[in-house]
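**Student:** Sharing a model that was predicted from the sequence below.
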Amino acid sequence: MIRIGVEQLALSPPAGFRGRRLALLCNQASTDRSFRHSRDLVMQLFPGQLTCLFSPQHGFFSEKQDNMIESDHTRDPATGLPVFSLYAEQRRPDPALFESFDILLVDLVDVGTRVYTFAWTMVYCLQVAAETGRKVVVLDRPNPLGGNSLEGNLLKDEWSSFVGLYGLPMRHGLTLGELALLCNRELKIGADLEVIRMEGWHRRMFFPETGFPWVFPSPNMPSPTTALVYPGQVIWEGTNVSEGRGTTLPFELVGAPFIRHGEVRDFLARTGLPGCVMRPLVFEPTSGKWAGRPCRGFQIHVTDRTIFRPYRTGLALLQALLTLYPEEFAYKDPPYEYEFERLPLDLILGDRQVRLALEEGTDILELERSWRQELAGFEDLRRSVLLYA
């Protein structure tokens, strides 16, 4: 059995917290295995010390559906504490908000993919904490994709945005605590940072192996299976192809009215896509892209998560659609996550050259080979922050 960071905090409350004003970056998914929320545990452990809450993208209750749908500052109905939204007019916290506490606790469910914005909200908080002399304590949680496999190209500096502030691969294999340590050092933030480690988590564990309950961190991340396919399926956010929003299987489904199953499957036969079956189907989103229109596409069934390559699978399908349907397929225009000029897909991929290579017909496996050296360099870099065997 594993114990996550907030459970370790409850088991052994740090003496240094006594008498200090506390804040908590969290959302409704920030619970222990008994579904007790972190803010309740913190208030029980340190009575009268919790002064405010902060919430990431999608709001405190994970109720906001899509990107650039902002949350207002509000009050927590259960405690009356102020909840400051870090996905509002600003994504980087106003330093004045940090005057009300001494220590910021971070307890967020991350999904192990570079473009998921919770990690970058944490990095912004580290920057402001360094400026204001506040301490940050990350209550660590499992990476649902495990901690061993890396996949994809590294983000290039010129494509930095709120869906990637540092040169990670798409699937980075780090816990949120490890990612905080890496960014605090490599981005030269220099915040006073501590990570409260988990007990019993091993890098080989995918989320089902943890025995921990899944609580959805965002409205379109309803299950660990969603998280597993997300590193590849998120690329559809930069296109006119539906990523399954508006259905009961977001990111597990992909499709559009112009797709022909047989043509796509024939195209994909040249690329090895291990660990999954792409089952043809038709679905009809109730909202978002192609709402009310039948979309021909696929459901991605993961048959072996240890060999499944979500980013390879997504890129192969992307290349199939842009090659087979040049008149119907389209890239999404800006804005995307508050970037108003650069192409959303380039921001998601982290390097425009990846998109250009796909357009030129470069074989996916050849692309992967071209990333081996930089991935090996990242593997060497990340070893210095790994907290778990």
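**Tutor:** Arrived safely.
**Student:** give the contact list for the most centrally placed residue in the chain.
**Tutor:** Among the residues of the chain, the one closest to the centroid is residue 116, at 2.6 Å (CA atoms, centre = their mean). Contact analysis of residue 116 by CB atoms under 8 Å, 6 or more residues apart in numbering lists 110, 230. Using the backbone N, CA and C atoms, a C-beta is placed for each residue, glycine as well.
**Student:** Residue 314: what's it in contact with?
**Tutor:** 231, 232, 233, 234, 235, 236.
**Student:** Output the residues you listed in a markdown table, with pLDDT appended to each entry.
**Tutor:** Formatted as a markdown table, these follow (pLDDT from 0 to 100):
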| residue | pLDDT |
| --- | --- |
| 231 | 98 |
| 232 | 98 |
| 233 | 98 |
| 234 | 98 |
| 235 | 98 |
| 236 | 98 |
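**Student:** The residue nearest to the centre of the chain: what secondary structure?
**Tutor:** Per DSSP: H, G, I helix; E, B strand; the rest coil, the local secondary structure of residue 116 is coil.
**Student:** Look up how far residue 201 lies from it.
**Tutor:** 19 Å (CB to CB, to the nearest Å).
**Student:** Kindly report the same for residue 314.
**Tutor:** 27 Å.
**Student:** What of residue 335?
**Tutor:** For residue 335, the distance to residue 201 - CB to CB - is 38 Å.
**Student:** out of these two, which sits in the more crowded spot?
**Tutor:** residue 201 (24 against 13; other CB atoms under 10 Å).
**Student:** Phi, psi for that one please.
**Tutor:** Per-residue torsions, residue 201: phi -90, psi 140 (degrees, to the nearest 10).
**Student:** quick one: pLDDT of residue 67?
**Tutor:** Listed pLDDT for residue 67 reads 86.
**Student:** Contacts only, for it.
**Tutor:** 57, 237, 336, 337.
**Student:** got it, and residue 106?
**Tutor:** 24, 25, 26, 122, 125, 136, 137, 138, 139, 176, 180.
**Student:** re earlier: wait, which of the contacts of residue 314 is closest to residue 101?
**Tutor:** Taking CB to CB as the measure, residue 234 is the one of these closest to residue 101, at 33.0 Å.
**Student:** Need phi/psi at the nearest residue to that closest one once chain neighbours are set aside.
**Tutor:** Using CB to CB, 6 or more residues apart in numbering and skipping residues adjacent in sequence, the residue nearest residue 234 is residue 115, 5.5 Å away. For residue 115, the backbone dihedrals (degrees, to the nearest 10) come out as phi -80, psi -10.
**Student:** Check the gap between residue 115 and residue 62 for me.
**Tutor:** For residue 115, the distance to residue 62 - CB to CB - is 17 Å.
**Student:** same thing with residue 204?
**Tutor:** Computed as CB to CB, the residue 204 to residue 62 distance reads 29 Å.
**Student:** now swap in residue 118 and tell me
**Tutor:** Taken as CB to CB, the span from residue 118 to residue 62 is 11 Å.
**Student:** For those two, list the residues in contact with both.
**Tutor:** Common neighbours of residue 118 and residue 62 (CB under 8 Å, 6+ apart) are residue 217.
**Student:** Next, give phi and psi for the residue nearest to residue 109 when sequence neighbours are not counted.
**Tutor:** Leaving aside its sequence neighbours, residue 109 sits nearest to residue 217 (CB to CB, 6+ apart; 3.8 Å). Main-chain torsions, residue 217, degrees, to the nearest 10: phi -80, psi -20.
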